[in-house]
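J.: sequence below, structure please.
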Amino acid sequence: HMAITFLLNLSIDMIRQQIMLHEDNRANFTGPFTLPLGEVNGKTVGLIGGSGLIGSKVADVALSLGMDVIISSRSGSLPSSHRHANNSRVKVVENVEILLRESDYVSVHCPLNDETRGSIGRSMIEQMKPTAYFINCARGAICNEP
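T.: Numbering: from 1, shown residues only. Now for the predicted structure:
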């Protein structure tokens, strides 16, 4: 559930709130909010490697928060026995670029192997919405960082 924890922290700009408190700036807490507080209800989370056990649990929580879910799958579908296979709020895509363009939050949950090592890089991140957040809950080496 770290992905959901990160997602909720990002939605309310928790890092900047903590920096403000560290600097003894309580303006966001004593008057009108000075930082944006975003609702996740109605937002979309994209799960790369999201059809496995961990990704499915993240989808469960995201759905309970009123979010829509996009899952990337190499086959473009989920097995009929998958608990999210017939959920109207879960979209499954074969093309990860669709997931990147449509998601407000992108969370990675695939295993690290020869196929996934370095598979996410700048060109993929640049396809995301300018307001979207990227959350890597998988192994760091999946992201190709310069």
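
J.: the residue lying closest to residue 26 once chain neighbours are set aside: what secondary structure?
T.: Closest residue to residue 26 apart from its sequence neighbours, by CB to CB, 6 or more residues apart in numbering: residue 20 at 7.4 Å. Glycine gets a C-beta too; all of them are placed from N, C-alpha and C. Three-state call for residue 20 (DSSP: H, G, I helix; E, B strand; the rest coil): helix.

J.: residue contacts, residue 20?
T.: 26, 27, 28, 35 (CB atoms under 8 Å, 6 or more residues apart in numbering).

J.: let's see stretch 88-107 as CSV, backbone CA atoms only.
T.: Extracted in CSV, the C-alpha atoms of stretch 88-107 (Å, rounded to 0.1, in the frame of the first residue of the first chain):
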residue,chain,number,x,y,z
SER,A,88,-16.3,-0.7,-15.7
ARG,A,89,-13.9,1.6,-13.8
VAL,A,90,-10.9,-0.5,-14.8
LYS,A,91,-9.5,-0.1,-18.3
VAL,A,92,-6.8,-2.5,-19.6
VAL,A,93,-4.4,-1.4,-22.3
GLU,A,94,-1.7,-3.1,-24.2
ASN,A,95,0.0,0.1,-25.1
VAL,A,96,1.6,1.7,-22.0
GLU,A,97,1.7,5.1,-23.8
ILE,A,98,-2.1,5.3,-23.5
LEU,A,99,-1.8,4.7,-19.7
LEU,A,100,0.8,7.4,-19.5
ARG,A,101,-1.2,10.0,-21.4
GLU,A,102,-4.5,9.3,-19.5
SER,A,103,-3.3,8.9,-15.9
ASP,A,104,-3.1,11.5,-13.1
TYR,A,105,-0.8,9.1,-11.2
VAL,A,106,1.4,6.4,-12.7
SER,A,107,2.6,3.7,-10.4
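
J.: buried set for that stretch?
T.: 90-93, 96, 99-100, 102-107 (16 or more other CB atoms under 10 Å).

J.: which among those residues gets closest to residue 16?
T.: Distance ranking of the buried residues of stretch 88-107 against residue 16, using CB to CB, places residue 105 first at 17.3 Å.

J.: bridged to that closest one, which residues?
T.: On the basis of DSSP bridges, residue 105 is bridged to residue 45, residue 133.

J.: let me know the pLDDT of it.
T.: Per-residue pLDDT puts residue 105 at 97.
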